[in-house]
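Enquirer: Just a sequence and a predicted model for now, questions to come.
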Amino acid sequence: MARGLIRYWAAARDAAGVVEEPYDAATLADALDFARATHDTAFTTVLARCSFLVDDAPVGGRDHSTVELSDGNTIEVLPPFAGG
């Protein structure tokens, strides 16, 4: 298991009710499952539309279960922004 930080932006931050929170997970999928279990259904709805960066590297269309995390990684949760 790796420990790091999930950082929420814009609508994701509003839905989570926090700017950031720690994770303890082996993969991005595990970290996001933890986040879903911690927050309400409005958060889950927003999360489904988000894109993700792990230490500034875009995850893109990769299966989240294949994105391995290391200690100290930061996951950026980015909802769609106006204009793009």
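Expert: Great, that's in hand.
Enquirer: Now do the strands in this structure.
Expert: Using DSSP state E, the strands of the chain run over residues 2-8, 20-25, 51-54, 57-58, 74-78.
Enquirer: can you tell which of these is closest to V67?
Expert: Ranking these by proximity to V67 (C-beta to C-beta) places strand 51-54 first, at 6.2 Å. For every residue, glycine as well, the C-beta is placed using N, CA and C.
Enquirer: So which residues of this protein form helices?
Expert: Secondary structure of the chain by DSSP state H: the helices cover 10-16, 28-38, 41-47.
Enquirer: With L69 as the reference, name the closest of these.
Expert: Closest among the helices of the chain, once you apply C-beta to C-beta, is helix 28-38, at 6.5 Å.
Enquirer: Other residues contacting the closest one?
Expert: 4, 6, 16, 21, 23-25, 43-44, 47, 52, 54, 59, 63-65, 67, 69, 75, 77 (C-beta atoms under 8 Å, 6 or more residues apart in numbering).
Enquirer: Now do it against strand 2-8, angle only.
Expert: Orientation of helix 28-38 against strand 2-8 (axes from the mean of the first three to the mean of the last three C-alpha atoms, to 10 degrees) gives an angle of 60 degrees.
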